[in-house]
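K.L.:
Here is my input, please return the structure:
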Amino acid sequence: MQRTLIYKILIIFVLALFLMIPLSMIRGTVHERQALHYNVVQGLAQTSTGSQIVAGPIFNVPYKKKIRNVSIDAKGKKTVTEHFETGTLEFLPDTLTIRGKLATQQRSRGIFKALIYDAELGMGGYFDIPANFGVTENVSDYQWGSAFLTIGISDIRGIKMLAVNFADETRKFKPGTNTPLVSAGVHTELGQIDVAAARRLNYSVSAALQGMQSIDFAPLGKHTRVEVASSWPHPSFTGRYLPEHRQIGDKGFNAVWQTSHFATNMQQLVANCATADCPALRDNTLGVNLIEPVNIYLKAERSLKYGFLFIALTFIAFFLFEVLKELRIHPIQYSLVGVALALFYLLLISLSEHLEFALSYAIAALACVALLGFYVRYILASKARAFSFSALLGVLYGLLYVLLQSEDYSLLVGALLLFVLLGLVMTLTRKIDWYRLGTESK
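P.N.:
The predicted structure is shown next:
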């Protein structure tokens, strides 16, 4: 059958486009598995504990304030009525020091895993309470209630132990925050606090919490220092404030944050949240997210972006063999090779759910290289050509792995790779008379 060069190129191009269908189906499978993994993690969080946000302690003093209203009628008679206005004064710590150690474990549901941590926390510092709780006018109009200390903990199911010492007295926590500022947490009753003169009240809190993936702290102190250490070697520091000092190694990490009320403006933010759940305590945080070292679904998704490139390069290599070695390769043979290249990604995602990603990648790549090397041996009618093709394919898989591992430099590496491959194709075909090939019969 007579075929022109343009006709053959069109067939190859159409075949490459059709092979995007299985690649698209595999991409859909990756998304389904990723969604299933996310649902499993969320299910574990709902049945055990989720991420934790720790806010506190906050010193609270309820009060009743006598309000006098004076009215004068048409005859000039003055009438004074009185009623009481209720509220709560909130005081943030002058110093807040938090030291935490995170021990991690992985919890499984089926083949999916979620990262759980057990946190041992120690908090300490003091409150400088002004005389008469800062009231300077009409002090006698105030009736002070029983003070209490509040600590916000976003998922109270993770509380394993809580102990507090306030003003040199050991006290017990009770469920609930007893304040609208914090929606979830605990509080402890402090009783009547006599502050006719200014007082410094020391506190220390010990806590054992369980959580999932991340833990954050609200820097409520005028001076806040947070130290977190863990044996998990893959932290991602989150929130509005990054650590001043951090060390990350194979044996874990430790990080230190230091903030002041000048940077956080937390007192003003809390004052603006007088009657509702305070977003300042949730949004102005610092902390750490314990990330998985390899997100197999993200890497599989990224590798699929190069699927069409792999198919196109392989078809170009076959076409060059046809042109340079005067071989005949049938479109069905092109198609089978393209399907084998597409199946690499399905092998990769299915294996990586059970094995380490690097090992899964190596097995999938070796399997595809071996299969294609065996098949190409008969297409190219030469063991040497088949070996050369397999070696080049192995190099491409190696370069793809480098691209997946070097996320920050993937664009640069990919651009250089394409430039080199284009240069190689142009070099190999520089002496070909394409007009003559286009009129020859196959």
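
K.L.:
shaky segments in the stretch 301-442 of the chain?
P.N.:
In the predicted model, the stretch 301-442 of the chain carries pLDDT under 70 at residues 407-410, 433-442.

K.L.:
can you give me the helices in it?
P.N.:
Taking DSSP state H, counting those that start in this stretch, the helices of the stretch 301-442 of the chain run over residues 307-325, 331-352, 357-379, 383-405, 410-428, 434-439.

K.L.:
how about a markdown table for those, with mean neighbour count and distance to residue 28 added?
P.N.:
The C-beta positions use only the backbone N, C-alpha and C, and glycine is treated the same way. As requested, the helices of the stretch 301-442 of the chain are exported to a markdown table (neighbours: other CB atoms under 10 Å; distance: least, CB to CB, whole Å):
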| stretch | mean neighbour count | distance to residue 28 |
| --- | --- | --- |
| helix 307-325 | 18 | 13 |
| helix 331-352 | 19 | 11 |
| helix 357-379 | 17 | 19 |
| helix 383-405 | 16 | 20 |
| helix 410-428 | 13 | 23 |
| helix 434-439 | 11 | 39 |
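
K.L.:
quick one, which of those is nearest to residue 104?
P.N.:
Among those, the nearest to residue 104 by CB to CB is helix 357-379 (19.0 Å).

K.L.:
Let's have the helices of the stretch 301-442 of the chain in CSV, adding distance to residue 225.
P.N.:
Converted to CSV, these look like this (distance: least, CB to CB, whole Å):
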stretch, distance to residue 225
helix 307-325, 50
helix 331-352, 41
helix 357-379, 38
helix 383-405, 36
helix 410-428, 38
helix 434-439, 72
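
K.L.:
Relative to residue 169, which of those is closest?
P.N.:
Closest of the helices of the stretch 301-442 of the chain to residue 169 is helix 357-379, at 53.5 Å (criterion: CB to CB).

K.L.:
how near is residue 86 to residue 65?
P.N.:
8 Å (CB to CB, to the nearest Å).

K.L.:
quick one, which of these two is more surrounded?
P.N.:
Comparing residue 86 with residue 65 by neighbour count (other CB atoms under 10 Å), the higher total belongs to residue 65, at 14 against 10.

K.L.:
do you know how far the closest residue to residue 192 other than its chain neighbours is from residue 170?
P.N.:
Computed as CB to CB, 6 or more residues apart in numbering, the closest residue to residue 192 that is not its neighbour in sequence is residue 146, at 6.2 Å. Per CB to CB, residue 146 is found 18 Å from residue 170.

K.L.:
Correct me if wrong, but residue 195 is in a strand.
P.N.:
No. Residue 195: not assigned to a strand; according to DSSP: H, G, I helix; E, B strand; the rest coil it is coil.

K.L.:
Near it, how many other residues are there?
P.N.:
There are 16 residues near residue 195, going by other CB under 10 Å.

K.L.:
can you pull out the strands in the stretch 51-200 of the chain?
P.N.:
Assigned by DSSP state E, counting those that start in this stretch, the stretch 51-200 of the chain shows strands spanning 52-72, 78-91, 95-109, 112-129, 142-144, 147-153, 159-166, 169-171, 174-175, 185-191, 199-212.

K.L.:
what about those strands, which gets the closest to residue 306?
P.N.:
That would be strand 112-129 among the strands of the stretch 51-200 of the chain, by CB to CB, at 26.1 Å.

K.L.:
ok, and for the closest one, which residues are buried?
P.N.:
Neighbour-count burial for strand 112-129, counted by 16 or more other CB atoms under 10 Å, picks out 112-117, 119, 121, 123-127, 129.
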